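Asker: Pasted the sequence and its predicted model underneath.
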Amino acid sequence: MSHPRLAAYLLDAGRHNFYHGIHKALRLGHCRMLAELGAHDYSNAGETAGLLHKLRGLIGLGRGHLESENREIHAALEARQPGITAYAAAEHAAHEQAFAELESLIRAVEVAIPERRPLAGQALYQRYGLCAAADMEQMYLEETEVLSALHSAFSDAELMAIEARMLAAIAPDKMAAYTALLMPALNHAERVEMLKKLMRDLPKTAFNRLLTGTVKPVLAAADYAATMGALTPHAA
């Protein structure tokens, strides 16, 4: 007998799902960052500055993702089914507050005297863990309850149009940062499919820059070679 809760959330895999890839990327970013914050030696001021810069970058990606969801996904769903996004909107507001708290803790590490910097770093590490856990819970709700509502309210063509507007609004530098997280988060088949889509949508020079400047540096050599081998028949 199938598990009743699992069965309730097994959505139609044939329908468009714009959460799958980006949520894999954000989960990978959270897991990596939590490990780095926990293992970091905060007595090294130079390396600490580099880690905090990286953390600010990840927070910026998370904030940008929330903003695009609010602007495109939640607005469209609310127009079709008024009131349905109230819970998700409240969760997003809580995430914004968490981002502000993290920024305050980052600043506390930056201004701490050397003797107190490890304590400030520990506080940042602990709060980040809570933020990451809350974000992962919210992503699960979006991948199940919100996506189910989207599938009921919109056709796949409409969902792809929403996704296209979201992608078009992302600045090139942020797109590169998202891609750098996305590539190692996907499995081989997903990665190849994503790159085939980008190959179709981007000018050839822009796509080649993406491959050499963003994709190659973040993949293991064997994974990059396998990816390029799968893309080669389509690159002509």
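Answerer: Nice, I can see it.

Asker: give the contact list for the spatially most central residue of the chain.
Answerer: When CA atoms, centre = their mean is applied to the chain, the residue found nearest the centroid is Leu26 (3.0 Å). Counting by CB atoms under 8 Å, 6 or more residues apart in numbering, Leu26 makes contact with Leu61, Gly62, His65, Asp135, Met139, Leu181. To be clear about C-beta, it is placed using only N, CA and C from the backbone, and glycine gets the same treatment.

Asker: Quick one: the helices in this structure, in order.
Answerer: Counting by DSSP state H, residue ranges of the helices within the chain are 4-8, 20-39, 45-68, 75-80, 86-111, 117-141, 147-153, 156-168, 172-185, 188-201, 204-210, 216-218, 221-231.

Asker: nearest to Gly14, of these?
Answerer: Each of those was checked against Gly14 via CB to CB, and the shortest separation belongs to helix 156-168, namely 8.7 Å.

Asker: okay, the angle between the closest one and helix 20-39?
Answerer: If you take axes from the mean of the first three to the mean of the last three CA atoms, to 10 degrees, helix 156-168 sits at 40 degrees to helix 20-39.

Asker: please begin residue numbering at 36 from this point
Answerer: Done: numbering now begins at 36, and the last item shifts to helix 191-203.

Asker: Run through who's touching helix 191-203.
Answerer: Applying CB under 8 Å, 6+ apart, the contact partners of helix 191-203 are Arg50, His51, Phe53, Ser103, Glu104, Arg106, Glu107, Ile108, Ala111, Leu185, Phe189, Met210.

Asker: and what of stretch 211-226?
Answerer: 56-57, 59-64, 92, 96, 205, 229, 245, 248-250, 252-254, 258, 261-262, 265.

Asker: Can you tell me which of the contacts of helix 191-203 lies closest to Ala158?
Answerer: If you rank the contacts of helix 191-203 by distance to Ala158 using CB to CB, Glu104 comes first, at 28.8 Å.

Asker: count of residues packed around that closest one?
Answerer: Residues near Glu104, counting by other CB atoms under 10 Å, number 23.

Asker: What's the separation between it and Leu221?
Answerer: If you measure Glu104 against Leu221 using CB to CB, to the nearest Å, the figure is 20 Å.

Asker: Glu102 too?
Answerer: As defined by CB to CB, Glu102 lies at a distance of 23 Å from Leu221.

Asker: do the same with Ala196
Answerer: When distance is defined by CB to CB, Ala196 is 23 Å away from Leu221.

Asker: likewise Ala211?
Answerer: From Ala211 over to Leu221 the distance is 16 Å, taken as CB to CB.

Asker: Same drill for these two, tell me which one is more crowded.
Answerer: Each of Ala211 and Leu221 has its neighbours counted (other CB under 10 Å); Leu221 has more, 20 against 15.
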